[in-house]
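S.K.: Give me coordinates for this.
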Amino acid sequence: MLDDLGQALASDLGENALYVHLDVTSEDDWNAAVATTIERFGPPTVLVNNAGITQHRTIDQMVKEDLLNILSVNVVGPWLGTKAVFDPMRRAGGGSIINIGSTNSGRGEAGGTGYTTSKHALAGLTKSSSIEFGPFGIRVNHVLPGGIKTPMSATSGSWYGAGVLDTNPIEWALPLRRWGRPEEIAYLVLFLASDESSYSTGSEFTADGGMTVDHPGRPARAWVEHREALLAEQNAAVALSGRPPSE
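M.R.: Numbers count the residues shown, from 1 in each chain. The predicted structure follows:
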């Protein structure tokens, strides 16, 4: 779907860039991508697990396939990638793996059980693999972005409210008073990929404009509407039964 864009970008970057189609949920694709990398550039010394998807829907609105789809991309994908690069990275003498998580890696979110569960799992993958890989000179770290203005964030409009990224960032508990830019996360990833971060592993690096030092933001419109509808239904049933209504 994005192969043409990937090929065009690699062409613009020149001979030191190569685009390879990769379905992160496919172990065969991972193995092929790593083999191609070794053939063209030598053993990989940096891996950034950045692929991710999200869905805003409460548990009662989800089906099992929704959860499995999210976990397949957000958890199985990084696990497969980490596994695929371990041996060549170890033989190369070490390297750096950077997992892109979320501020949801350390908190909850109504309507985000699938996404938030996957990001908590990614935190576990980061910490556990950092222990296993450390003796071989491979560092594994976890970046937690939040409040970043991206196309995926824009898809949250139906959940949080139309024009979510056009609203005043101050309303969303952002002490820096603005939305973050993707390149601001890229600079942090570059630091973790470099030897400048040589003593950091198994660690979390938050880049959220200060969002998580305050409350996470106003409740999502869709969650408030869904919650109130369910409470009204519940209280109507309770009224018929004669029991006290919910607070």
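
S.K.: now the helices: where do they sit in this protein?
M.R.: Using DSSP state H, the helices assigned to the chain run over residues 3-13, 27-41, 64-71, 77-91, 113-133, 151-154, 157-160, 182-193, 221-241.

S.K.: CSV for those helices, including distance to S102, mean pLDDT and mean neighbour count?
M.R.: From N, CA and C alone the C-beta is placed, and that goes for glycine too. Formatted as CSV, the entries for these read as follows, by distance: least, C-beta to C-beta, whole Å; pLDDT from 0 to 100; neighbours: other C-beta atoms under 10 Å:
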stretch, distance to S102, mean pLDDT, mean neighbour count
helix 3-13, 24, 94, 12
helix 27-41, 22, 97, 15
helix 64-71, 12, 97, 14
helix 77-91, 13, 98, 20
helix 113-133, 5, 97, 19
helix 151-154, 10, 81, 12
helix 157-160, 15, 74, 17
helix 182-193, 11, 98, 16
helix 221-241, 17, 88, 12
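
S.K.: Now the nearest residue to T155 once chain neighbours are set aside, what are its backbone angles?
M.R.: Taking C-beta to C-beta, 6 or more residues apart in numbering as the measure, T155 lies nearest to T54, with 7.4 Å between them; neighbours along the chain are not counted. Dihedral angles of T54 (phi, psi; degrees, to the nearest 10) stand at phi -140, psi 160.

S.K.: again with A51
M.R.: When read as degrees, to the nearest 10, the backbone of A51 gives phi -60, psi 140.

S.K.: got the contact list for it?
M.R.: Applying C-beta atoms under 8 Å, 6 or more residues apart in numbering to A51 gives the contacts 24, 73-74, 77-78.

S.K.: G6: which of those residues is nearest?
M.R.: Closest to G6 out of these is V24 (13.8 Å), distances taken as C-beta to C-beta.

S.K.: Need the pLDDT of the closest residue in space to R181 that isn't next to it in sequence.
M.R.: Excluding its sequence neighbours, the residue lying closest to R181 (C-beta to C-beta, 6+ apart) is K149, at 6.6 Å. Listed pLDDT for K149 reads 89.

S.K.: Nearest the geometric middle of this protein, what residue?
M.R.: For the chain, the residue lying nearest the average C-alpha position, counting by C-alpha atoms, centre = their mean, turns out to be G101 (3.7 Å).

S.K.: And the lengthiest strand in the chain, what does it pack against?
M.R.: Criterion DSSP state E: the longest strand present in the chain is strand 138-145. Strand 138-145 sits against helix 77-91, strand 95-100, helix 113-133, helix 182-193, strand 204-207, with contacts defined as 3 or more C-beta pairs under 8 Å, 6 or more residues apart in numbering; DSSP states H and E.

S.K.: How far does that strand sit from its chain's centre?
M.R.: In terms of C-alpha atoms, centre = their mean, to the nearest Å, the centre of strand 138-145 is set 11 Å apart from its chain centre.

S.K.: Sheet partners, orientation included, of it?
M.R.: Partners of strand 138-145 in the sheet, by DSSP bridges, are strand 95-100 (parallel), strand 204-207 (parallel).

S.K.: Could you give me the buried positions within the last one?
M.R.: For strand 204-207, burial by neighbour count (16 or more other C-beta atoms under 10 Å) applies to 205-207.

S.K.: quick check, nearest of those to N235?
M.R.: Comparing the buried residues of strand 204-207 against N235 with C-beta to C-beta places T206 closest, at 39.5 Å.

S.K.: Test my guess that the closest one contacts T212.
M.R.: Yes: when contacts are counted by C-beta atoms under 8 Å, T206 is listed as touching T212 (6.5 Å).
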